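Colleague: Dropping the sequence and predicted coords here.
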Amino acid sequence: MNVPKIPLGDWVDVLVQWITVAFAGFFTLLTTVIESLLNIIVAVLSAGPPIILIIVLTLLVTYTSRWPLGIFTLLSLLLIDNLGYWDSSIQTIAIVLLSGLLTIIIGIPVGIWCAQRQTVHRIVTPILDFMQTMPAFVYLIPSILFFGIGVVPGIIASFIFAIAPTIRMTNLGIKEVPRDLIEAADAFGSSASQKLFKVQLPIATPTIMAGVNQSIMLALSMVVTASLVGAPGLGADVYRAVSQIDVGKGFEAGLSIVFIAVILDRISQNLRKPAYEHVMKKKIAISILAVLVILTAIVTGVTKQNATEKGGNGIGAQMDYKIIGIEPGAGIMAQADRAINDYQLDHWQLQEGSSAAMTAELKKAYNQKKPIIVTGWAPHWMFSTYDLKFLKDPKKTFGEAEDIHTIVRKGLEQDAPGAYTILDQFSWKPANLEKVMVDIKDGMEPEKAAEKWISANKDKVGQWTNGAKAGNGEAISLVYVAWDTEIASTNVIAKVLEQHGFKVKMSQVEVGPMYAGVANGSADAMVGSWLPSTHREYHNQYKNDFVDLGSNLHGTKNGLVVPKYMDIDSIEDLK
Ligand code: PBE
C-alpha cells in the first residue's frame, strides 16, 4: 500500500504559527498578567524571614489537620530551609497556588455548566480526555512559542494538565445532588441561581473540593516538567541534579517536593472541615489569614515601589535582566554563571531551559526585533539564519576556540575494532558540521541530513573508514545531548558506522549521564566532548574510566550572543 503520509504534524505547525502571530497581543497580555500575579504571590510568601511563613503554615496545617501534622509541617519546612531549598520552595508553592487558582476560577464554572447542559458535557468530556492523556511535554512546545520561556508556559501547561479533575468532579458533585432536594427547591419556587448557590453547590462542595485537591496535586507533579522550559523552583533543582547526575541534590530537592505535596494536600483536603473548628470558627480563621495576606501584599507593594533599583530603561530592563540559557548541566551554563560573576552583572539572571527553548525564544525576539541575549555557540545554524554577534569577552570567561573530542568506553577497541577505528579517525570541519545542522533546522530528518552529507562527502568519509574492519552487525550504542551540534554530528557518525556493518543505537540523554554512560560502559561512545574548558569538570570527573580519542573538530566558540541590531558589543556593556 502506498498511501502518502498525512501531513498532520505540518498542519499543526502551520496552525500554531498562525496562532502565534494572530494572537501575539493577547499572549503578551496574558504573560504580563500571569507574571505579575506570580510576582505578587512570591512577594507575599517571601515578605518576612522564612520562619514567619513556616509558623503561619504550621498553624494553618494544625488548624485544618490536627497537631501531629502541624509538627510534621514545622519540622519539614525547617529542614527545607536548612538544606537551602527555601527560595526554590517559595517559587514552587507560588506556581502551584497560581495554577490551582486558575483551575478553580475556570474549572468550577465549566463543571457547573457541564452539569446543567448535556450538550456541553458531551463536548467537554472528550476534550478533557485529550488534555489529560496527551503527554504534558507536548503542551510545552507551543506554550514556548506563545509565551516565551520562563515560568508562564510552565503555569499554562500545568493548568491544562491539572484542570480536568476540577471540571469532572464539579460536574459529578452537582449531578449527584439528590433529586428530591432539587424538587423541594423547585416547589418552594427558587430561581435557578438560588437553587445553584443554596442547594447544589453546598451539597456538592465535598466532591468539588476533592477535585480541586487532585488538581493541585497534578499541578505540583508538573513542576519538574515545567522546569524544562525555564520555570524556576524545586523542579529546576531536580532537573539540574539529573543533568549533572548529582544524586544527593536530586534527593534533597525531591524530598522538599514531597513535603510540600503533603502540606498542600492536607490543607486543601481538610480546609472544608478543619480539625479544630470547635476551637476557632472557620470564618474567623479564614478572615485572619485573608487580612494577613492582604496586609503583606500592601506592605510589600509599597516597599517595592520605593525600591525599584533594578528598573530603569537601560538595555537590561528591556530584557528583564534575563540571559536565555540552555540545559542546566551544559558547560556553557557554568561559564555564563561565571561571566555574571566576573563582570559583576549583579542584576542579571541566567534562565535555565533547553537548547530548543532557547532557539525558539531567539526566533521570537528576532522576528519582532526585540532585544535578547542567549548563551550561544558556534558552529550553529543560528548564525546562518539570523544576523547575530558574540559579545566580546575581554576576561575570556568563555574560554578560547576549543575542540570537540570523541570519547569511547574502555574495551571497545577489543570488542569492536572496526567501530573503534572509525570513531578514532572521525574528524571534520565546523563548516561541514554546520551544513548538516542547517538541513536539520530546515526540517530534514537528522538521519536524512546525515545521509545527504555523507553521499556528498565520500572522500572525507573514506578517510574515516580507511582500514577499518567491517562490522558484522555488532551493536554500537552512541549517547548524545540534544544540542543542535551533537544531534548533527552523532547522526553522521551513526550513519557511517551503520554503512560499515554496525548496528547503531542512539540514545539522547542529559550531559552528566552522557559522560557517566561511557565511563561505566553502558554506552560505547560519544562525539560531543567540548574541551579543554567547556566540559572540563565532567571530563576530569570521569577521565580515568574512558578512552579519549582526541579531537574530531577544531574551532568552536562559546559566548553570549545577541542580534546585530542591538547596539552593545561587549559583555562589559551589560553592567
Ligand atoms: N554546548 C554545545 C555544549 C557543548 C556543545 C556549547 C551547548 C555545552 O555548553 O556543554
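Modeller: Ah, there it is. Numbers count the residues shown, from 1 in each chain.
Colleague: Ramachandran angles for the nearest residue to Val242 once chain neighbours are set aside?
Modeller: Leaving out its chain neighbours, the residue that sits closest to Val242 by Cβ to Cβ, 6 or more residues apart in numbering is Glu510, at 5.8 Å. C-betas here are computed from N, CA, C, even on glycine. Taking degrees, to the nearest 10, you get phi -90, psi 170 for the backbone angles of Glu510.
Colleague: In the stretch 101-250 of the chain, what residue lies closest to the ligand?
Modeller: Per Cβ to the nearest ligand atom, Ser243 is where the stretch 101-250 of the chain lies closest to the ligand, at 10.0 Å.
Colleague: what sits against that residue?
Modeller: Glu327, Pro328, Gly329, Ala330, Glu510, Val511, Gly512, Pro513 (Cβ atoms under 8 Å, 6 or more residues apart in numbering).
Colleague: so how many other residues sit close to the fifth one?
Modeller: Around Glu510 sit 21 other residues, with neighbours defined as other Cβ atoms under 10 Å.
Colleague: doesn't Val481 make contact with it?
Modeller: Yes. Using Cβ atoms under 8 Å, Glu510 makes contact with Val481 at a distance of 6.4 Å.
Colleague: Identify the contacts common to those two.
Modeller: Here Glu510 and Val481 have Glu327 as joint contacts, going by Cβ under 8 Å, 6+ apart.
Colleague: Now the host helix or strand of Gln214: buried residues?
Modeller: In this structure, Gln214 sits in helix 201-221 according to DSSP states H and E. Judged by neighbour count using 16 or more other Cβ atoms under 10 Å, the buried positions of helix 201-221 are 201, 203-204, 207-221.
Colleague: ok, now stretch 435-450?
Modeller: So, applying 16+ other Cβ under 10 Å, buried residues of stretch 435-450: Lys435, Val436, Met437, Val438, Asp439, Ile440, Lys441, Pro446, Ala449, Ala450.
Colleague: could you dump stretch 92-112 to PDB, C-alpha only?
Modeller: In PDB, the C-alpha atoms belonging to stretch 92-112 read as follows (Å, rounded to 0.1, in the frame of the first residue of the first chain):
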ATOM      1  CA  THR A  92       7.200  26.100  43.600                       C
ATOM      2  CA  ILE A  93       4.400  26.900  46.100                       C
ATOM      3  CA  ALA A  94       3.600  30.100  44.200                       C
ATOM      4  CA  ILE A  95       3.400  28.300  40.900                       C
ATOM      5  CA  VAL A  96       1.200  25.600  42.300                       C
ATOM      6  CA  LEU A  97      -1.000  28.200  44.100                       C
ATOM      7  CA  LEU A  98      -1.500  30.200  40.900                       C
ATOM      8  CA  SER A  99      -2.200  27.200  38.700                       C
ATOM      9  CA  GLY A 100      -4.600  26.000  41.400                       C
ATOM     10  CA  LEU A 101      -6.300  29.300  41.500                       C
ATOM     11  CA  LEU A 102      -6.700  29.400  37.700                       C
ATOM     12  CA  THR A 103      -8.100  25.900  37.900                       C
ATOM     13  CA  ILE A 104     -10.700  26.900  40.400                       C
ATOM     14  CA  ILE A 105     -11.700  30.100  38.600                       C
ATOM     15  CA  ILE A 106     -12.100  28.400  35.300                       C
ATOM     16  CA  GLY A 107     -12.800  24.800  36.200                       C
ATOM     17  CA  ILE A 108     -15.700  25.100  38.600                       C
ATOM     18  CA  PRO A 109     -17.900  27.300  36.300                       C
ATOM     19  CA  VAL A 110     -17.200  24.900  33.400                       C
ATOM     20  CA  GLY A 111     -18.000  22.000  35.600                       C
ATOM     21  CA  ILE A 112     -21.300  23.600  36.600                       C
END
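Colleague: Quick one: the strands in the stretch 301-450 of the chain, in order.
Modeller: 322-324, 349-351, 374-378, 388-390, 402-409 (DSSP state E, counting those that start in this stretch).
Colleague: So which of these is nearest Arg117?
Modeller: For these, the distance to Arg117 is smallest for strand 349-351, at 43.4 Å, taking Cβ to Cβ.
Colleague: if you look at that closest one, does any of it touch the ligand?
Modeller: No. Figure legend: strand 349-351 not in contact with the ligand (Cβ under 6 Å from any ligand atom); closest approach 12.4 Å.
Colleague: May I have the strands that pair with that strand, each with its orientation?
Modeller: Strand pairing for strand 349-351, determined by DSSP bridges: strand 322-324 (parallel).
Colleague: ok so, going back, contacts with the ligand among the contacts of Ser243, please.
Modeller: Within these, those near the ligand by Cβ under 6 Å from any ligand atom are Ala330, Val511.
Colleague: Kindly indicate which of the contacts of Ser243 lies nearest the ligand.
Modeller: So of those, ranked by how close each gets to the ligand (Cβ to the nearest ligand atom), first place is Ala330, at 3.5 Å.
Colleague: Before we move on, what's the pLDDT of the residue lying closest to the closest one once chain neighbours are set aside?
Modeller: Nearest in space to Ala330, with sequence neighbours left out and distances taken as Cβ to Cβ, 6+ apart, is Val511 at 6.0 Å. You'll see Val511 listed with a pLDDT of 92.
Colleague: quick revisit: packing partners of the helix holding Gln214?
Modeller: helix 86-116, helix 151-175, helix 247-270 (3 or more Cβ pairs under 8 Å, 6 or more residues apart in numbering; DSSP states H and E).
Colleague: If you tally nearby residues, what's the number for the closest residue to the ligand within the stretch 351-500 of the chain?
Modeller: The stretch 351-500 of the chain approaches the ligand most closely through Trp377 (3.8 Å), counting by Cβ to the nearest ligand atom. When neighbours are defined as other Cβ under 10 Å, Trp377 has 26 of them.
Colleague: does Leu83 really touch Glu252, like I thought?
Modeller: Yes. Using Cβ under 8 Å, Leu83 makes contact with Glu252 at a distance of 5.1 Å.
Colleague: quick one, which of those two is more surrounded?
Modeller: Glu252 (19 against 15).
Colleague: ok so, going back, check the helices and strands packed on helix 201-221 for me and report the most buried one.
Modeller: Mean neighbour count, computed with mean count of other Cβ atoms under 10 Å, is highest for helix 151-175 among the helices and strands packed on helix 201-221, reaching a mean of 25.
Colleague: Okay, angle between the helix or strand that comes right after that helix and helix 201-221 too, please.
Modeller: Remark: after helix 151-175, the chain's next helix or strand is helix 179-187, criterion DSSP H and E. Relative orientation of helix 179-187 versus helix 201-221 (axes from the mean of the first three to the mean of the last three Cα atoms, to 10 degrees): 120 degrees.
Colleague: List the buried residues of helix 179-187.
Modeller: Result for helix 179-187 [16+ other Cβ under 10 Å]: buried residues Ala185.
Colleague: packing partners for it?
Modeller: Using 3+ Cβ pairs under 8 Å, 6+ apart: helix 179-187 touches no other helix or strand.
Colleague: Turn the contacts of Ser243 into CSV, columns for distance to Asp569.
Modeller: Shown next, in CSV, are these (distance: Cβ to Cβ, whole Å):
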residue, distance to Asp569
Glu327, 27
Pro328, 28
Gly329, 30
Ala330, 24
Glu510, 34
Val511, 30
Gly512, 34
Pro513, 37
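Colleague: Closest one to Ile54 out of the contacts of Ser243, please.
Modeller: Among the contacts of Ser243, and counting by Cβ to Cβ, the member closest to Ile54 is Pro328, at 27.8 Å.
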